[in-house]
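Chemist: I need the structure of the sequence given here:
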Amino acid sequence: MHKEKGCRLYAIHDADDGTITMIEKWESRADLAVHATGPAVKSLRAAVAELITQSATVTTMTPLPAGTAEQGRL
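Modeler: So this is what the prediction gives:
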């Protein structure tokens, strides 16, 4: 995923309750759309299909410019 056009962040996190959260940041919504239908996502879905117990919740957000460069300005 990190090598895909427009990928600025792609991080997967595991919670104690077994929930997996994927945090992604893309240069544009167009780059995200290409990624979402691309071979890497298809491969990932196939690899984890047996582990999925419920539908994914996808939340798309727009960053608000705030903060400092040292603390995470968006």
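Chemist: Only C-alpha atoms from now on, for both contacts and neighbour counts.
Modeler: OK.
Chemist: can you list contacts of stretch 2-11?
Modeler: Residues from elsewhere that reach stretch 2-11 (Cα atoms under 8 Å, 6 or more residues apart in numbering): Met1, Met22, Ile23, Glu24, Lys25, Trp26, Glu27, Ser28, Asp31, Leu32, His35.
Chemist: if you set the cut-off to 7 Å instead, what comes out?
Modeler: Met1, Met22, Ile23, Glu24, Lys25, Trp26, Glu27, Ser28, Asp31 (Cα atoms under 7 Å, 6 or more residues apart in numbering).
Chemist: which residue is nearest the centroid of this protein?
Modeler: Glu24 (3.1 Å; Cα atoms, centre = their mean).
Chemist: Can you classify the nearest residue to that residue once chain neighbours are set aside as helix, strand or coil?
Modeler: What sits nearest to Glu24 in space, not counting adjacent residues and going by Cα to Cα, 6 or more residues apart in numbering, is Tyr10, at 4.5 Å. Classification of Tyr10 using DSSP: H, G, I helix; E, B strand; the rest coil returns strand.
Chemist: okay, Tyr10: pLDDT?
Modeler: Predicted confidence (pLDDT) for Tyr10: 94.
Chemist: From the structure, what's the count of residues near it?
Modeler: Residues near Tyr10, counting by other Cα atoms under 10 Å, number 12.
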